[in-house]
Every structure is written in structure tokens, then in C-alpha cells.
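Asker: below are the sequence and a predicted model; questions follow.
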Amino acid sequence: MASLEGCQYSVPFRFIRQDVEVRGVSGRVLFLKNCEVVADHPRGTEALVVIDPAHFEGPSRPRVIAPLPLGRMGRKLQEIASAGVQHRSLDLYARLARNCSGGWQKMVAR
């Protein structure tokens, strides 16, 4: 994974522990190795983690072992990561704090 503007982007696993060049261009995030584009993702999405499953496929290399398939847990984590953030009013949290603080103080006082 590589970072740009607070987001994490996948790159092919064969580039683990290697330097790659990151370029943020109009609407795209490009990752280059030796002037060759090795990954291309959309830029400015709401997602904080952008993954291309193809980046985790392929045979092992002499210095890098291929990752295991994502499996059921991996797919669930991808689903959670791609879910939008829920926006709530701060008033809701203020009311929760007021309602819960009295009960908490009573429990501590015992």
C-alpha cells in the first residue's frame, strides 16, 4: 500500500519494499516504477483505502512471496472499508453524553 493525500492505495505486491513514484494527476493517482505505470487509481474518491484485487494476484517472486487470496474475511473488510462514513449531528452525541453521565456517576458513587 502507498499513501497520497491521506488515502491508501494498493500497488502490485511484487513492488513490496521498493520505492515507487507517486503522481497525483487530474482525477487519477499513478504509481510508477522506472517510468512505467504499475498502478492507476481514481483520485478524490470518498474511500480512504482504494484496492485493486488484481494487485494481490500472481506468482511468487524470488524475493517476494505471493499473498494468500483474500477469502471471506478479506472480502468483508473490503466491504467495510468501501462503506461510506455516516454523518451525524454533534447534538446527538451531546444528548448521549448527558443521558449516560448521570448513570455513570451513580455507578461510581456506590
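Answerer: Done, it's in. Numbers count the residues shown, from 1 in each chain.
Asker: for stretch 42-62, what is the average pLDDT?
Answerer: Averaged over stretch 42-62, pLDDT sits at 84.
Asker: in it, what counts as buried?
Answerer: 43, 47, 50, 51, 55, 56 (16 or more other Cβ atoms under 10 Å). Bear in mind the C-beta positions are built from the backbone N, C-alpha and C, glycine included.
Asker: would you agree the fourth one is in contact with residue 11?
Answerer: The reference is to residue 51. No. Using Cβ atoms under 8 Å, residue 51 makes no contact with residue 11, being 10.2 Å away.
Asker: JSON lines for the buried residues of stretch 42-62, including secondary structure and distance to residue 3?
Answerer: Shown next, in JSON lines, are the buried residues of stretch 42-62 (DSSP: H, G, I helix; E, B strand; the rest coil; distance: Cβ to Cβ, whole Å):
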{"residue": "43", "secondary structure": "coil", "distance to residue 3": "13"}
{"residue": "47", "secondary structure": "coil", "distance to residue 3": "13"}
{"residue": "50", "secondary structure": "strand", "distance to residue 3": "11"}
{"residue": "51", "secondary structure": "coil", "distance to residue 3": "13"}
{"residue": "55", "secondary structure": "helix", "distance to residue 3": "15"}
{"residue": "56", "secondary structure": "helix", "distance to residue 3": "18"}
